[in-house]
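*Asks:* everything below, folded, please.
(chains A and B)
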There are 2 protein chains.
Amino acid sequence: MFTYIGKKIAMNKLLLAFSLLLAAGNSTAQSAEILAIRKVRIASEHSWLQQYVSFLSIPNVADDESNIARNAARIMELMQERNIGNVQLLHPVTKGAPPAVYGEVKVPGATKTIAFYAHYDGQPVDSTRWAAGFHPFKPVLIKNAVLHQSNIIPFPEKGQPIEPEWRIVSRGSSDDKGGVLAILLAYEALKQSGQTAGCNIKFFFEGEEEAGSPHLGEILQQHKALLNADIWVICDGPVHQSGSKQISFGVRGDVNMDIVVYGSKRPLHSGHYGNWAPNPALQLSRLLASMKDEQGKVLIKGFYDDVIPLSPAEKKALAAVPKADAQLKKELGFIRNEIPGTDLAESLLLPSLNINGIQSANAGKLAANVIPVQAMATLDLRLVKGNDQQVQQQRVVDHIKAQGFYVTELEPTDAERAQYPKIARVIKQEGYNAQRTSMDLPIAKDIAAAVQKTTAGNLILVPSLGGSLPLFLFEKHLKVNTITVPLANHDNNQHAENENIRLQNFWNGIETMASIMMIK
Amino acid sequence: MFTYIGKKIAMNKLLLAFSLLLAAGNSTAQSAEILAIRKVRIASEHSWLQQYVSFLSIPNVADDESNIARNAARIMELMQERNIGNVQLLHPVTKGAPPAVYGEVKVPGATKTIAFYAHYDGQPVDSTRWAAGFHPFKPVLIKNAVLHQSNIIPFPEKGQPIEPEWRIVSRGSSDDKGGVLAILLAYEALKQSGQTAGCNIKFFFEGEEEAGSPHLGEILQQHKALLNADIWVICDGPVHQSGSKQISFGVRGDVNMDIVVYGSKRPLHSGHYGNWAPNPALQLSRLLASMKDEQGKVLIKGFYDDVIPLSPAEKKALAAVPKADAQLKKELGFIRNEIPGTDLAESLLLPSLNINGIQSANAGKLAANVIPVQAMATLDLRLVKGNDQQVQQQRVVDHIKAQGFYVTELEPTDAERAQYPKIARVIKQEGYNAQRTSMDLPIAKDIAAAVQKTTAGNLILVPSLGGSLPLFLFEKHLKVNTITVPLANHDNNQHAENENIRLQNFWNGIETMASIMMIK
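*Replies:* Residues are numbered from 1 along each chain as shown, chains lettered A, B, ... in the order given. Modelled structure (predicted):
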């Protein structure tokens, strides 16, 4: 059973505490088991760093079929070298899509099975956007967090010390080849330290997560029996902004929709027709303004109705999440958050209606004295446990109708234009629902306890991330829960140029995964 | 004294009536004087068409200094060939800016002086946007209104008939070299017909109207005495959509402003921060929505306070303007105009607040799941007689403040971001006020009567155009009124590719100008 060490403390104090921890390389061990893992890691750092860099040098964009195959083959080798069993590629039905790489370890007498997930593909790259000296697939080492070529240092020779604040700069370093390798090295460390896994282990490494996991469902469906487990541990994403370890029990769902409002069929001179021709930019503004009040409350009927309230354990966990609000506001340059009186962590547990962007003719230097022909907004609706993506979209549509608009899914015809004074086209995108694993499940408690063992600091338990991942697929196809256990530093430039990983985060991640593998 | 022939008649009837007129080439003469002018024109069509095409072949974009000089020189020649006196270039103080071309005719015993204005520069051109077979400065003749190269016909040989529906396609054909040439040919026709001008005539042809007339004020100021007149006749723009002749007594003023609303300093992931970070697209929508109600009424305090009401003559004229509303709505694809119950002509006599465009991050295919950093709208405020551009802009600023925004003219500083929950940057552009000449002035009545003489159809008297021209400069520097007397067809593609003039409109324009020159 895990306990909460942390209480609500001011962010600055918290950061100070963590700075001290980090300066010591998070070296406060929690148990002999973890110390044994650490000992192996320290002895293996040079060799593991080499393997990491060699793995990162294989380009890994999901649509680069031949390189994706090289990555998959390399992972199979890494598994076979560690005597992991039943190593194989799991291909989806769809031809040509990246396979998942699978392996397993059966532990005699084990009563639980834990599956470890990470993905070996990375975000698309535009190498011209990477800073001078950096390249997505030519990993380099830098000596601190400043992403500048003057910080590049040579890879250390055997015997030279390796500093915890060094970073590797490369696509996939943190998202998510770091996850793949940390899981495999955790298993190696476990064995080298003379310890054994407490549970059966399944390894599953996806090859197209950054393309939106279009075939993950197919693979899970096709290999249901093979992939059965008591819990899936998703090793992806960053730890808390404070540097503290974090595990999260869910993600919000997400679904997008475009709204287009129409005026005249051709752009009109604002002098010759201004005050007379309807202005779609104004109509859209009015429509959007009607959706949310000044206090951040969505005014769409029923928007919050389906939300499943937090459990006592979730509420308690939420209260213990360090408050980064004041510090973040300062960094981001605003003083009032959207729902005054509600902090960041609480806000992320509510469904949201967010305007991604608005476009109507041109503004600023390119503006012309016209009445625009149309105005478009893209919304994303984040969904929490209880929300259904289609129901939530329909509520928005009903709201638009209630504002007097005729709603169509297509470009309005002349006949429709001649019939309805206000027309909105709504283009619904496909999305997915939220997923949230109960913190009260025994296996969830086991995992939290295992991770807590690896750190003297607060372990932050997040009922749900604000962001979205298609974790509902595991629930849907395997009837299994997921818990996300990240390892990367929060400032890792995930999805962008100059992606990087702080070495100590990687080393810590190995300990985290090994500790979970010891769950009995 | 002029009279109103027209009454409110349905648009279709009106169009039918005009179609019949046009089919006859508008040949119904109103007086012997005009018939004499027409006779000269018919005899001169081949020669005048040649001169027109040759004049149009000289490129005339305002910043093309050498070609602008060629145009000015050509106009001086055209004046000298017609024995117009005191021909000269009027240079502004600013070096290198296009000169105006001036000339005059003094009539013994004349008690009035009428100045005729047109401009010889044209809108900037992008020849790649012109349809196949057309080029801005290689004029061609087409046989009807369809702008397609299959309609191109050779220029007629002497003796071959010239059809009234033919069009010349070329930059400047209607805006506004057609005006320059029609004025000069009107004077020639007057003389060739054995008639004389009734008033002293001043010719003034500007060379940078399409660049916004940045030096017109300088020229007027510097040549006050030379440019003194009882009225300035502005020959620019199109006649009524029905094809009917039209004169207008004013223009709206215009002033723009950009409004930028701010959120976080960097784009935020809408999952990790949605519901918490303020969304500037929503804030801007709410702000814009607060400015105008569903009935098209601007809600900004004092917005209509300074409007000088229409005089009885103006009201009467307005009531007589043919209603194009139903036809236009059908053509443009909407059924409800912005101020229900108010027709187009009435709407254009009110100040307007129009959104030119809105831009915030991206919408549609390029949208990302972000919370935008800012949202920008550009507004144009059309001004009517009584409005002051700065007062009207300030009212908008005061309204923004009343919605709780801190208003700044610059990018907000970190200190401002740390102090104010809602920040709007307002960038005020320079504009100009409206101008409106009283319809009750004797000289205004003279001009209306002179134009009415040239047409059997309704002469449409418009108290003010909806669009804007810097006509206030004449009032400011010369203390003189202006009346706009256009000649081009309304579908002339003014300012765009494939600009053209319908030949009959040009011939009619010559008669119009000649008739005005006969005012005693």
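*Asks:* going forward, measure contacts and count neighbours with C-alpha atoms only.
*Replies:* Will do.
*Asks:* pretty sure residue A:355 is in a strand, no?
*Replies:* Yes: counting by DSSP: H, G, I helix; E, B strand; the rest coil, residue A:355 is part of a strand.
*Asks:* ok, and for the lengthiest helix in chain A, which residues are buried?
*Replies:* Identified as the longest helix of chain A according to DSSP state H is helix A:32-56. Within helix A:32-56, the residues that count as buried by 16 or more other C-alpha atoms under 10 Å in any protein chain shown are A:33-38, A:40-41, A:45-46, A:48-49, A:52-53, A:55-56.
*Asks:* you'd agree residue A:364 is up against residue B:380?
*Replies:* No: counting by C-alpha atoms under 8 Å, residue A:364 does not reach residue B:380; the two are 11.4 Å apart.
*Asks:* neighbour count: these two, which is higher?
*Replies:* Each of residue A:364 and residue B:380 had its neighbours counted (other C-alpha atoms under 10 Å in any protein chain shown), and the higher figure belongs to residue B:380 (27 against 20).
*Asks:* would you agree that one is in contact with residue B:389?
*Replies:* No: assessed by C-alpha under 8 Å, residue B:380 is found out of contact with residue B:389, at 10.8 Å.
*Asks:* which helix or which strand is home to residue A:272?
*Replies:* Using DSSP states H and E, residue A:272 falls within helix A:270-273.
*Asks:* who does that helix touch, helix- and strand-wise?
*Replies:* Packing contacts for helix A:270-273, counted by 3 or more C-alpha pairs under 8 Å, 6 or more residues apart in numbering or on different chains; DSSP states H and E, involve strand A:370-371.
*Asks:* ok now the strand it packs on, how far from the chain's centre?
*Replies:* 41 Å (C-alpha atoms, centre = their mean, to the nearest Å).
*Asks:* after it, next one along is what?
*Replies:* Scanning forward in sequence from strand A:370-371 by DSSP H and E, the next helix or strand is strand A:374-383.
*Asks:* quick one: that next one near chain B?
*Replies:* Yes: remark: strand A:374-383 sits within contact range of chain B at A:376, A:377, A:378, A:380, A:382, by C-alpha under 8 Å from any C-alpha of the partner chain.
*Asks:* what residues does the stretch 201-350 of chain A put near chain B?
*Replies:* Within reach of chain B by C-alpha under 8 Å from any C-alpha, the stretch 201-350 of chain A has these residues: A:252, A:258, A:263-266, A:269-279, A:281-286, A:288-289, A:296, A:330, A:332-339, A:343-344, A:347-348, A:350.
*Asks:* buried subset of those?
*Replies:* Buried subset of these (neighbour count, 16+ other C-alpha under 10 Å): A:252, A:258, A:263-265, A:269-279, A:281-286, A:288-289, A:296, A:332-339, A:343-344, A:347-348, A:350.
*Asks:* just these: which are in helices?
*Replies:* Going by DSSP H, the helices hold A:270-273, A:281-286, A:288-289, A:332, A:344, A:347 from these.
*Asks:* okay, among these, which ones form the most distant pair?
*Replies:* Between any two of these, the greatest separation by C-alpha to C-alpha is 48.4 Å, found for A:272 and A:344.
*Asks:* buried sites along stretch A:178-193?
*Replies:* For stretch A:178-193, burial by neighbour count (16+ other C-alpha under 10 Å) applies to A:178-191, A:193.
*Asks:* mean confidence for that stretch?
*Replies:* Mean pLDDT, computed over stretch A:178-193, is 98.
*Asks:* repeat for stretch A:443-459
*Replies:* Taken as a whole, stretch A:443-459 carries a mean pLDDT of 95.
*Asks:* stretch A:283-290 too?
*Replies:* Mean predicted lDDT for stretch A:283-290 stands at 98.
*Asks:* then the helix holding residue A:272 to PDB, C-alphas only?
*Replies:* Only the C-alpha atoms of helix A:270-273 are listed here, as PDB (Å, rounded to 0.1, in the frame of the first residue of the first chain):
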ATOM      1  CA  SER A 270     -17.000  46.900 -47.300                       C
ATOM      2  CA  GLY A 271     -17.800  50.400 -48.500                       C
ATOM      3  CA  HIS A 272     -20.300  49.400 -51.100                       C
ATOM      4  CA  TYR A 273     -22.000  46.700 -49.000                       C
END
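*Asks:* tell me how chain A divides into domains.
*Replies:* Following automatic domain parsing, one finds the domains of chain A at A:11-251+A:434-517, A:253-307+A:350-428.
*Asks:* which residue is the nearest non-sequential neighbour of residue A:504?
*Replies:* residue A:164 (4.6 Å; C-alpha to C-alpha, 6 or more residues apart in numbering or on different chains).
*Asks:* what about the one you found, neighbour count?
*Replies:* Neighbours of residue A:164 under the rule other C-alpha under 10 Å: 19.
*Asks:* any idea how far it lies from residue A:142?
*Replies:* 11 Å (C-alpha to C-alpha, to the nearest Å).
*Asks:* now the residue lying farthest from the centre of chain A. Nearest residue, chain neighbours left out?
*Replies:* Using C-alpha atoms, centre = their mean, the residue of chain A lying farthest from its centre is residue A:272. It sits 50.8 Å away. Leaving out its chain neighbours, the residue that sits closest to residue A:272 by C-alpha to C-alpha, 6+ apart is residue B:466, at 4.5 Å.
*Asks:* return the residues in contact with the one you found.
*Replies:* Applying C-alpha atoms under 8 Å, 6 or more residues apart in numbering or on different chains, we find residue B:466 in contact with A:271, A:272, A:273, A:274, B:251, B:252, B:348, B:349.
*Asks:* okay, the domains of chain A in JSON lines with distance to residue B:300 next?
*Replies:* Shown next, in JSON lines, are the domains of chain A (distance: least, C-alpha to C-alpha, whole Å):
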{"stretch": "domain A:11-251+A:434-517", "distance to residue B:300": "39"}
{"stretch": "domain A:253-307+A:350-428", "distance to residue B:300": "15"}
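*Asks:* low-confidence ranges, chain A, go.
*Replies:* A:1-30 (pLDDT under 70).
*Asks:* please name the nearest non-neighbouring residue to the residue nearest the centre of it.
*Replies:* Against the mean C-alpha coordinate of chain A, by C-alpha atoms, centre = their mean, the closest residue is residue A:237 at 5.0 Å. In space, and not counting its chain neighbours, residue A:237 is closest to residue A:486: 5.1 Å by C-alpha to C-alpha, 6+ apart.
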